[in-house]
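[1] Sequence first, predicted model second:
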Amino acid sequence: MGGKAQKGMGQKLAKEILRTGKAYEKMKKIISIQGGDPSITPEDILIGPYVKEFYANKSGHITEVKNSIINQIAKTAGCPHSKSAGVEIIKKQGARIKEGDLIFRIYSPSQSKLKKAEKIYNSSGGVVVLGGMVIERI
């Protein structure tokens with residue numbers, strides 16, 4: 001897709017880039033170019049005081065993640081203008097989940113924005129699609 005790896009070798013290359021720290025160095029360079037502080041650590045990032053957690057209403061495997069809905073939720077919560085807003089995804093595509101498992105959280109600096117983001121989620125039918133079985137995990 002990006003032309004950096006031979007066919008079938010992308011995952012191996014990605015793991016190597018992560019393992020060697022090249023991805024982290026590239027991220028710091030991007031942060032700097034965008035006017036941010038490249039020495040920031042995850043602990044330095046303040047998250048919004050208003051949080052809503054979303055749980056699985058049934059068991060199964062996550063077969064699809066609806067990124068367009070996650071994007072709408074994040075923007076409504078305050079992203080990218082508010083650095084304390086965001087969506088934390090706990091379970092990824094292919095994950096086996098049980099009813100009641102935490103799937104994701106929304107963070108917002110504003111209770112009203114959080115309520116609007118929750119409304120988008122409730123009217124969307126959910127951000128993940130569950131299936132009964134995963135044949136192969138890549």
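    All right, it came through fine.
[2] which residue is nearest the middle of the protein?
    I89 (4.2 Å; CA atoms, centre = their mean).
[3] hang on, that residue packs against I70?
    Yes. Contact criterion CB atoms under 8 Å: I89 and I70 qualify, at 7.4 Å. In short, each C-beta sits where N, CA and C put it, glycine included.
[4] And the pLDDT at the closest residue to I47 other than its chain neighbours?
    Ranked by CB to CB, 6 or more residues apart in numbering and with sequence neighbours excluded, the top spatial neighbour of I47 is Y107, at 4.7 Å. Here, the pLDDT recorded for Y107 equals 97.
[5] Run a quick neighbour tally on Y107.
    Using other CB atoms under 10 Å, Y107 is surrounded by 23 other residues.
[6] wait, doesn't it sit right on G86?
    Yes. If you go by CB under 8 Å, Y107 and G86 touch, sitting 5.0 Å apart.
[7] Mutual contacts of these two, please.
    47-48, 77 (CB atoms under 8 Å, 6 or more residues apart in numbering).
[8] Buried only: go through those residues for me.
    By neighbour count, with 16 or more other CB atoms under 10 Å, the shared contacts of Y107 and G86 hold 48, 77 as buried.
[9] just the strands in this protein please.
    Assigned by DSSP state E, the strands in the chain fall at 50-55, 60-65, 86-89, 96-97, 102-108, 128-131.
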